[in-house]
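Undergrad: sequence? don't have it. structure:
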């Protein structure tokens, strides 16, 4: 008569590899399974295998073995050891079976042992825990799957997203990201620790690992390279490098006329001809420079015979169009600089006023009376004045 006794402390099954219960094994490697009991009165050990697609363990064992009184390991003739296994009796309490060259179709298979112990007249049965085989398959490559473009154009102060993908493997791989310091060695490259995440998707019996980098791009990141490294076993695999092309709007334009900066003020002589040329740092370079002033907007940058009415305040606006990788529509950026144009011109014919009235020709004054003569004219810069009269001359604007 058999008595069934279930316990996880006195009867165990484990593997000699890694992972949970030592059951994670590389494809093609052997896995030794050990069924162990703390008792020294073991009569019989049955090995049971449940394939991963089965819901229950079979009622019939795969292998039945025992260690006899002479120390010989005996196997039941009805349950011979399969050709892909080697089994043996280590001691009265320790029994092993080795799976030879574990393959992918064994992943997820479960094993357990049933011990019969006590005496032939009165024995007890006890099951071990269940051992699940996990197949470890090393990845063989990794690449940056998105964006596809290289270089990758990103607008300054926005986020660029990069996707790293491994070849199928098991378990999930670790993914790390680096900034390329543009040297021939990777030893001085800087690991990126923020803005990273990892996910995975199944690929048959294996797993594809995906790493994501979300990078806030600054202007000094121009021509920065980023790449990922991944591993799920000992060997690291490195992707290619994606270069970052940082797009940014124009700085305030620097404008010149006749090789002289127009800001804050450009001084020219009336009737002169000149052109204004502007530059602004941006990526890409500005496509348009728009001049606005007293005569309106979108003015030409060339002046042909400048007039007095064209003096005043001006602005030049620089514009560029930025198309980020993966973006649907371009972004227009603009910046401007302001300056004034000061037009110099000669004095017009002076005007003489006596007691507030404009006079020409001869002025009659009664002897003994006094009059104030004022002279004025329009010019830039303001004119100086001189008077010539019978008693002499003066440089004052008013003659009294």
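TA: Looks like it came in fine. Here the structure is a predicted model, which is why all the values come from computation and not from measurement.
Undergrad: the helices in the chain, which residues?
TA: In the chain, no helices are defined using DSSP state H.
Undergrad: and the longest strand along it, which residues are buried?
TA: Assignment by DSSP state E gives strand 331-344 as the longest strand of the chain. Buried residues in strand 331-344, defined by neighbour count with 16 or more other Cβ atoms under 10 Å: 333, 335, 336, 337, 339, 341, 343. Yep, even glycine has a C-beta here, placed from its N, CA and C like the rest.
Undergrad: Tell me how far the residue lying closest to the second one once chain neighbours are set aside lies from residue 44.
TA: Leaving aside its sequence neighbours, residue 335 sits nearest to residue 250 (Cβ to Cβ, 6 or more residues apart in numbering; 4.4 Å). Taking Cβ to Cβ, to the nearest Å as the criterion, residue 250 is separated from residue 44 by 87 Å.
Undergrad: Compare these two and say which is more crowded by neighbours.
TA: Counting neighbours by other Cβ atoms under 10 Å for residue 250 and for residue 44 shows that residue 250 has the greater number, 24 against 17.
Undergrad: List the residues that contact the closest residue to residue 93 other than its chain neighbours.
TA: Nearest in space to residue 93, with sequence neighbours left out and distances taken as Cβ to Cβ, 6+ apart, is residue 37 at 4.8 Å. Neighbouring residues of residue 37 by Cβ atoms under 8 Å, 6 or more residues apart in numbering: 10, 11, 12, 93, 94, 115, 117, 126.
Undergrad: just the buried members of those?
TA: Listed as buried from the contacts of residue 37 are 11, 12, 93, 115, 117, 126; burial here means 16+ other Cβ under 10 Å.
Undergrad: Report pLDDT for the first one.
TA: Here the pLDDT value assigned to residue 11 is 95.
Undergrad: same thing with the fourth one?
TA: In this model, residue 115 is scored at 97, pLDDT.
Undergrad: Name whatever forms a beta bridge with it.
TA: For residue 115, the residues forming beta bridges with it (DSSP bridges) are residue 45, residue 126.
Undergrad: Look up how far residue 97 lies from it.
TA: Here the criterion is Cβ to Cβ. By it, residue 115 lies 14 Å from residue 97.
Undergrad: And for residue 358?
TA: 126 Å.
Undergrad: Neighbour count: those two, which is higher?
TA: Between residue 358 and residue 97, counted using other Cβ under 10 Å, the more crowded position is residue 97 (24 against 10).
Undergrad: Pop out the phi and psi values for residue 38.
TA: Torsion angles at residue 38 (phi, psi; degrees, to the nearest 10) stand at phi -80, psi 0.
Undergrad: Could you double-check that it lies in contact with residue 92?
TA: No: between residue 38 and residue 92 there is no contact under Cβ atoms under 8 Å: 11.1 Å.
Undergrad: These two: who's more crowded?
TA: Set residue 38 next to residue 92 and count neighbours by other Cβ under 10 Å: residue 92 wins out with 17 against 10.
Undergrad: quick one, what contacts the more buried one?
TA: Residue 92 makes contact with 40, 41, 42, 67 under the criterion Cβ under 8 Å, 6+ apart.
Undergrad: What about residue 266, how many residues nearby?
TA: With other Cβ under 10 Å as criterion, residue 266 counts 21.
Undergrad: Tell me the spacing between it and residue 375.
TA: Residue 266 sits 31 Å away from residue 375, going by Cβ to Cβ.
Undergrad: go on, residue 292?
TA: 38 Å.
Undergrad: the strands in the stretch 51-200 of the chain, which residues?
TA: 63-67, 73-75, 85-91, 94-99, 110-118, 123-127, 131-132, 134-136, 142-146, 152-155, 159-166, 174-180, 190-192, 196-203 (DSSP state E, counting those that start in this stretch).
Undergrad: lowest-confidence stretch among these?
TA: Set side by side, the strands of the stretch 51-200 of the chain give their lowest mean pLDDT on strand 134-136, at a mean of 91.
Undergrad: Residue ranges of each domain in the chain, please.
TA: When the chain is parsed with automatic domain parsing, its domains come out as 2-136, 142-246, 254-344, 351-399.
Undergrad: For residue 244, which non-adjacent residue is spatially closest?
TA: In space, residue 244 is closest to residue 224, 4.7 Å off (Cβ to Cβ, 6+ apart).
Undergrad: hmm, I was thinking of residue 58
TA: Leaving aside its chain neighbours, residue 58 sits nearest to residue 48 (6.5 Å; criterion: Cβ to Cβ, 6+ apart).
Undergrad: remind me which residues of this structure are low pLDDT?
TA: 1-9, 391-400 (pLDDT under 70).
Undergrad: 80 - rerun?
TA: Applying pLDDT under 80 to the chain flags residues 1-9, 184, 361, 363, 389-400.
Undergrad: Next, the contact list for residue 127, please.
TA: Neighbouring residues of residue 127 by Cβ under 8 Å, 6+ apart: 6, 11, 112, 113, 114, 115.
Undergrad: and the gap between the residue nearest to it when sequence neighbours are not counted and residue 94?
TA: Among residues not flanking residue 127 along the chain, residue 114 sits closest, at 5.3 Å (Cβ to Cβ, 6+ apart). Plainly put, residue 114 is 16 Å away from residue 94 if you go by Cβ to Cβ.
Undergrad: ditto for residue 143
TA: Distance from residue 143 to residue 94, by Cβ to Cβ: 47 Å.
Undergrad: again with residue 355
TA: Look at residue 355 and residue 94: by Cβ to Cβ, they are 134 Å apart.
Undergrad: What of residue 333?
TA: Distance of residue 333 to residue 94, given as Cβ to Cβ: 75 Å.
Undergrad: I'm done for today, thanks for sticking with me.
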